[in-house]
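Student: Please work out how this folds:
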Amino acid sequence: MNPNLIPLKKLVASIPVIFLFLTLSSFADIQRISNAPANLQYSFPLPVTDNTATVLYQSLELEVKGLSKEAFEYAWKGYQKLLENKQLSNSGYLTICDFSQSSKQKRLYLIDINNETVVMNTWVAHGRNSGLDYATKFSNTPESLQSSLGFYVTKQTYTGEHGLSLKVQGLEPGFNDKAFQRAIVIHGADYIGAQRMSSSSFMGRSYGCPAVPKEESATLINTIKNGTCLFIYHPSKKYLANSKILND
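Tutor: Numbering: from 1, shown residues only. The predicted structure is shown next:
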């Protein structure tokens, strides 16, 4: 008898064990999505990698908070890519700046991945030359005073002109890899926040930095410093078609 062949009696005897394993695996998938809306259609066994973004988007109620599903799906895809490439030393947080929204909207979302919660949702400024209320133009060029799209990894903090600030490293050649050269950092500013809403039709703008309300900046910076993922999004066809992180 060929030693590589499994005897029929032994194979038949193993079927109940195999069936039990598959049943338990399917049950785990069902449990994981049991709280999803009833109108969603799923096929089983559920492919986790294809469905996680949808389930997380719904459980975090991001649509209610103004973040589009498209923006979150791109953010999640890139975050997973950076994890795969071991580019994040702190994978616990994902920060999304959605520049498809008005500057008057709270368009920065700080997501605690481990606890599946939105721990901060606040205003964030775009660059002075990117637009007024809406950002429409983006650049990687020094002194352009425009925002740069794409994925970043946060680095160390320092105290400078704007107080406590956070350096970020752009990971996308041609889109944001000159962030260090341009001194693009996260910092607090008086020109953005609730006090600005009553005095202007749009928020103040930066020199290209994703500036946040001064009273919230220290909490944000200290939470996401040292190796977390930052994604600055806009449905720019040029970026979405050419980002290697999103397309490789």
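Student: contacting residues around Ala71?
Tutor: Ala71 sits next to Ile96, Asp98, Ser100, Tyr233, Pro235 when contact means Cβ atoms under 8 Å, 6 or more residues apart in numbering. In short, each C-beta sits where N, CA and C put it, glycine included.
Student: switch to 6 Å and redo it
Tutor: Asp98, Tyr233 (Cβ atoms under 6 Å, 6 or more residues apart in numbering).
Student: same question, Cys97
Tutor: By Cβ under 6 Å, 6+ apart, the residues touching Cys97 are Leu108, Val124, Pro210, Ile232.
Student: Now, the residues you listed that are in strands?
Tutor: Those of the contacts of Cys97 mapping onto strands are Leu108, Ile232, per DSSP state E.
Student: Gly78: which of the contacts of Cys97 is nearest?
Tutor: Ile232 (10.9 Å; Cβ to Cβ).
Student: got CSV for the contacts of Cys97, with distance to Lys81, neighbour count and pLDDT too?
Tutor: What follows is the contacts of Cys97, written out as CSV (distance: Cβ to Cβ, whole Å; neighbours: other Cβ atoms under 10 Å; pLDDT from 0 to 100):
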residue, distance to Lys81, neighbour count, pLDDT
Leu108, 21, 26, 98
Val124, 23, 29, 98
Pro210, 21, 24, 98
Ile232, 16, 28, 98
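Student: Just the closest of the contacts of Cys97 to Arg182, please.
Tutor: Pro210 (12.3 Å).
Student: Specify the strand with the largest residue count in this protein.
Tutor: Max-length strand for the chain by DSSP E is strand 150-160.
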